[in-house]
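Asker: Got a sequence here, can you build the structure:
(chains A, B and C)
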Amino acid sequence: MTFDAIAGQTLSGISVGMVLFLIAAGLSIIFGTLKVLNLAHGSIFMLGGFLCYGFTSSFVSLPGVFWWTLLAAPLIVALVGGLIEIFLLRRIYTQEMLYQYILTFGLILIIGETCKFIWGVGYHSVGIPWPFGGNVSLWGLSFPVYNLFLIGCGFTVFIGLVALMRYTGLGRIIRAVTYHREMASALGINVPKVYTGVFMLGCWLGGLAGTLMPPMSVVALGSDMAVIIECFIIVVIGGLGSLPGAFVGAIILGLLNAFGIYIIPKLAVAFGFMLMIVILIIRPWGLMGKPE
Amino acid sequence: MNRLVTTLNSHRFLLLLVLLLFLFIVPFVMKESWVSLVNEMLVMALAGCALNLMLGYTGMISFGPAGLYAVGAYTTAILLTRYRFPFAIAVISAPVLAGIIGGLIGWFCVRRSAVYFALLTLAFAQIIWTIIFEWYGFTGGDNGIVSIPIPEFFFTISHCYYLTLTVVGISLLLLWTIVQSPFGKTLQAIRENPGRTEFIAIHLRRYQLSAFVLSSAFLGIAGSLFCIFSGSVFPDYAHWVKSTDMLVICLLGGFYNFGGPIVGSAVYIFLSKIISKETMFWMFFLGVIIVFLVLFMRNGIVGFLSEKLAPALHGTSRPSSDEEAQ
Amino acid sequence: MILETQKLAKSFGGLTAVHDVNLHIQEGELVSIIGPNGAGKTTLFNLLTGHISVDSGRVIFKEKDITQLPPHAISRMGIGRSFQRLNIFPRLSAFENIQVAVFSQQRKSRNIFARASKLARHETEAILESVGLLDKKNVTGGLLAHGDQKRLEMGIALAVEPSLLLLDEPTQGMSPKESGELTQLIQKLVRERGLTLIFVEHDMNVVFGISDSIIVLHQGKILFEGKPDKVRKNEEVQRVYLGDERGTWSSLLRK
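Answerer: Sure, this is the predicted structure:
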């Protein structure tokens, strides 16, 4: 393996890892506050991808269409998430976990079939948006610019989220609800509103990832399940509910996938699974977590 | 009051007898296509009850039953096709191997809290699906394994049907015995309050793992039966959509009744055959059905009937029996 | 000596919850632990029963070191407990709540072929009777009145036939009448079964009414221990308590 190849795979691994981070962060934030495991989070991601394809292919002539899409698609996905929270999830918070999980499992089918109905079963692609096409050379090596852009997005969102949670009033409210729901409610915090907001934020992150992914991949049915499993591996590594955990886990998984596919393409998918199993054996509480 | 309990119980017995008689004469009175349908219902009833040992009785939310079901199906298929094993051994190996693999997977899944259990079961089922899908040399990949050398005797649909009926009957009887046993009661206590059981000297994880293994073995039997019935196996058997089928069967019938998944299976398989003929978007309706059930009919058909219908029929609220506590 | 702890300590983050606690409990004693909220009483119970891991120090029960054992093993050795917040099996009947614990005690929990409803009936009913719930045995646990649920929980703890029983606020949330009845029940059970009992309690009437000795915890440390009248007269204890429970304390001093 040459130095060029190592550098190339590292970069593409980290950039895919960044997209995975956005999804896993959404899953984690939702679980942290609402204590709901949103099994349909992969579908939320996929919906973002299809919206990205739908917009960019319908308004080809609009200048900077991708950037308008990047603004609109995650917001639409967040709105869908808001509707799901208000009309479905909210009605069963007091019920057993079993029902919440099954409900989100049912949503996988509904969202998947809706995408199939609107956009069909084919593979769709989205071109790399201006001005991030082509390659840039760094230290004598050439890198796709779009990958660098993705890494920038991932870092920005990570820092933004941590800052939001730690330093803003909104973050304090979210943390209060996360740690002590009843107390927060007694202090006059509108808990249902926070729930809806956090669920929408989580879905917005999933939608953002979904919109960013198509230029370096394809939009297709089935990515919902593929992505949710990757997210699960990430949270097993990093711990569910922890942002730094999701960040580290996503980078590790992204790198592992990138090098796996380079070294043994046939077994690429197996690496993530194997890592998850190893973590469960040697550090069952995850890399960043503490023993329960 | 006591008399009422006895009447209800004897009615239940009578119902069971009628059902058994009906199932027995199915091949004589129905067209072949309907016999196949009932056959499928029986297999899925067993799969549903096996899954419900975890969901309804132990409170372990598993999203990957199809993985173990596929292990059972592929065990029988591969032993017959590749290694020409005797039929009986190929069938008996299915629950054994499913139990062993279930034990391995379960060991990982019970190591962390309930939410990790849910996501790990889904991930491990996906691993099984991936292995089956990718390992062309051994499992046939996405082509599956077709024309499995099943004894000619079972080519006749009614013979196959009686085999299924017998095996499912015995398996359900075993499952019923398990849930009524001290072990079964302990599982229900774990469902109600896992933390508390540790302070009455119950080794929580070991019991959860045992439930996982038992459930896996019965799922393996169901898979093997379906393999014999269809004469072929495909990676679809391990797909998460198959797990959805099983979850819906439990949800539709009701988690907190032994008979729930049996009723659920009958209704679900019937519905899926009718609706999937009419529309390409059957899965969409399936999703809608799940959401509807979760929001408005959490206790499923059996729960609904015993809560709403029984009191109305008898003009009094149903007396508490073992059934309600489950 | 049935239970001994040596320099038992536990902290959460920077907060020391239990600090070098040395307990010496004699067999057959009825010991109560009192102290203001946050004194570390429940944490101490959780350490003794393996519910949370010990930072440092040792727990010795019947001359065996049980410091690192998991809850089920400690429970098997004969330490039973109840919890501050209700902790029963809500959708099982009162009978089944007890029966599951009896199965565990009789090592029958792993039996998968017998019919549970026919087993251990006598033992289960005996326990239901001793906690006064025999007439409610078919009622679903979660539907019992609060006081009855507390009794049920005690029954579950008793069913594993512990030699040491830890009760965390057994009379919490009870009316004075219920609490009086329960106190009598506790005394009766302890005498009948030869139990050693440690309990945490806020109701000073109960504490001073039945304890052989009292341990006062304050900020994770043992502030004082001794017979009830010595505790009542101790000035340091008074000072700690004057802050939040002046009323209770002064009423006890007047006795």
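Asker: where do the strands sit along the chain?
Answerer: Reading this off chain A. A:135-138, A:141-144 (DSSP state E).
Asker: Can you look at chain C instead?
Answerer: For chain C, the strands defined by DSSP E occupy C:3-12, C:15-21, C:24-25, C:30-34, C:56-61, C:64-65, C:79-81, C:164-168, C:196-200, C:213-218, C:221-226.
Asker: Taking the stretch 1-150 of chain C, what residue is nearest to chain A?
Answerer: Residue of the stretch 1-150 of chain C nearest chain A, by C-beta to the nearest C-beta: residue C:53 (7.6 Å). From N, CA and C alone the C-beta is placed, and that goes for glycine too.
Asker: Where does pLDDT dip in the chain?
Answerer: No chain specified, so I'll use chain A. The model of chain A has pLDDT under 70 over residues A:1, A:289-292.
Asker: sorry, should have said chain C
Answerer: Scanning chain C for pLDDT under 70 picks out C:241-255.
Asker: Show the contacting residues for the residue sitting furthest away from the middle of it.
Answerer: Here chain C reaches farthest from its C-alpha mean at residue C:113, the gap being 34.4 Å by C-alpha atoms, centre = their mean. If a contact means C-beta atoms under 8 Å, 6 or more residues apart in numbering or on different chains, then residue C:113 has B:177, B:181 as its contacts.
Asker: how much space between it and residue B:248?
Answerer: Distance, residue C:113 to residue B:248, using C-beta to C-beta, to the nearest Å: 31 Å.
Asker: same question, residue A:283
Answerer: Counting by C-beta to C-beta - residue A:283 and residue B:248 are separated by 36 Å.
Asker: Pick out whichever of those two has more residues nearby.
Answerer: A direct count of neighbours by other C-beta atoms under 10 Å in any protein chain shown for residue A:283 and residue B:248 places residue B:248 higher, at 26 against 14.
Asker: Which secondary structure state does that one sit in?
Answerer: Secondary structure, DSSP: H, G, I helix; E, B strand; the rest coil: residue B:248 is helix.
Asker: now for the strands of chain A, which one comes closest to chain B?
Answerer: Closest to chain B of the strands of chain A is strand A:141-144 (C-beta to the nearest C-beta; 28.3 Å).
Asker: Let me know how buried residue 106 is, in neighbour terms.
Answerer: Let's take chain A. 26.
Asker: that's the wrong chain, I meant chain C
Answerer: By the criterion of other C-beta under 10 Å, residue C:106 has 16 neighbours.
Asker: what's the spacing between it and residue C:99?
Answerer: In this view, residue C:106 and residue C:99 are 10 Å apart by C-beta to C-beta.
Asker: Need the overlap of contacts for those two.
Answerer: residue C:120.
Asker: For the residue nearest in space to the middle of chain C, list the residues it contacts.
Answerer: Centroid-nearest residue in chain C: residue C:167, 1.3 Å away (criterion: C-alpha atoms, centre = their mean). Counting by C-beta under 8 Å, 6+ apart, residue C:167 touches C:81-82, C:154, C:157, C:186, C:197-200.
Asker: can you do 10 Å?
Answerer: By C-beta atoms under 10 Å, 6 or more residues apart in numbering or on different chains, the contact set of residue C:167 is C:32, C:45, C:80-84, C:150, C:153-154, C:157, C:182, C:186, C:197-201.
Asker: ok, residue 191 - contacts?
Answerer: Using chain A. A:33, A:93, A:173, A:176-177, A:181-182, A:184-185.
Asker: if you could check chain C rather than the one you did, that'd help
Answerer: Applying C-beta under 10 Å, 6+ apart, the residues near residue C:191 are C:28, C:30.
Asker: Could you check how far residue A:254 is from residue A:154?
Answerer: 10 Å.
Asker: list residues touching both of these two?
Answerer: The contact sets of residue A:254 and residue A:154 overlap at A:14-21 (C-beta under 10 Å, 6+ apart).
Asker: Let's have these in TSV, adding distance to chain C and neighbour count.
Answerer: Shown next, in TSV, are those (distance: C-beta to the nearest C-beta, whole Å; neighbours: other C-beta atoms under 10 Å in any protein chain shown):
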residue	distance to chain C	neighbour count
A:14	33	21
A:15	37	25
A:16	36	25
A:17	31	27
A:18	32	26
A:19	34	25
A:20	31	26
A:21	27	32
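Asker: Just those: which are in helices?
Answerer: Among the shared contacts of residue A:254 and residue A:154, the ones falling in helices (DSSP state H) are A:14-21.
Asker: got those residues as CSV, with distance to chain B columns?
Answerer: Converted to CSV, those look like this (distance: C-beta to the nearest C-beta, whole Å):
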residue, distance to chain B
A:14, 23
A:15, 24
A:16, 19
A:17, 18
A:18, 22
A:19, 19
A:20, 15
A:21, 17
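Asker: Out of these, which is nearest to residue C:37?
Answerer: residue A:21 (41.6 Å; C-beta to C-beta).
Asker: What distance do you get for the closest one to residue C:82?
Answerer: 45 Å.
Asker: Can you give me the buried ones in stretch A:155-170?
Answerer: Using 16 or more other C-beta atoms under 10 Å in any protein chain shown as the test for burial, stretch A:155-170 gives A:157-158, A:161, A:165.
Asker: same deal with stretch A:67-76?
Answerer: Neighbour-count burial for stretch A:67-76 flags A:69-70, A:73-76 (criterion: 16+ other C-beta under 10 Å).
Asker: One more: stretch A:102-120?
Answerer: Within stretch A:102-120, the residues that count as buried by 16+ other C-beta under 10 Å are A:102-116, A:119.
Asker: go on, stretch C:7-22?
Answerer: Across stretch C:7-22, burial judged by 16+ other C-beta under 10 Å covers C:8-10, C:16-19, C:21.
Asker: Including distance to residue B:166, could those residues go into CSV?
Answerer: Output for the buried residues of stretch C:7-22, formatted as CSV (distance: C-beta to C-beta, whole Å):
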residue, distance to residue B:166
C:8, 60
C:9, 62
C:10, 58
C:16, 65
C:17, 60
C:18, 61
C:19, 66
C:21, 63
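Asker: Which of those residues lies at the shortest distance from residue B:292?
Answerer: Nearest to residue B:292 among the buried residues of stretch C:7-22 is residue C:17, at 47.8 Å by C-beta to C-beta.
Asker: my read: that closest one touches residue C:45, true?
Answerer: No: contact criterion C-beta atoms under 10 Å: residue C:17 and residue C:45 do not qualify, at 11.5 Å.
Asker: Need the overlap of contacts for the two.
Answerer: residue C:52.
Asker: Name the residue of the stretch 151-255 of chain C that lies nearest to chain A.
Answerer: For the stretch 151-255 of chain C, C-beta to the nearest C-beta, closest residue to chain A: residue C:173, 16.8 Å.
Asker: how near is the nearest residue to that residue once chain neighbours are set aside to chain B?
Answerer: Excluding its sequence neighbours, the residue lying closest to residue C:173 (C-beta to C-beta, 6 or more residues apart in numbering or on different chains) is residue C:146, at 5.8 Å. According to C-beta to the nearest C-beta, to the nearest Å, residue C:146 and chain B sit 17 Å apart.
Asker: What residues does residue C:146 make contact with?
Answerer: Counting by C-beta under 10 Å, 6+ apart, residue C:146 makes contact with C:86, C:172-175, C:178.
Asker: just checking, residue B:110 touches residue B:60?
Answerer: Yes: Residue B:110 lies in contact with residue B:60 (C-beta under 10 Å); the separation is 7.9 Å.
Asker: So which of those two has more stuff around it?
Answerer: Counted by other C-beta under 10 Å, residue B:110 and residue B:60 do not tie: residue B:60 has more neighbours, with 27 against 21.
Asker: For burial, what's the neighbour tally of the residue nearest to residue C:75 when sequence neighbours are not counted?
Answerer: Closest residue to residue C:75 apart from its sequence neighbours, by C-beta to C-beta, 6+ apart: residue B:201 at 4.1 Å. For residue B:201, the neighbour count with other C-beta under 10 Å is 23.
Asker: Please report how far the residue of the stretch 51-200 of chain A found nearest chain C lies from residue B:90.
Answerer: In the stretch 51-200 of chain A, the residue that lies nearest chain C is residue A:96 (10.6 Å; C-beta to the nearest C-beta). Separation of residue A:96 from residue B:90 (C-beta to C-beta): 39 Å.
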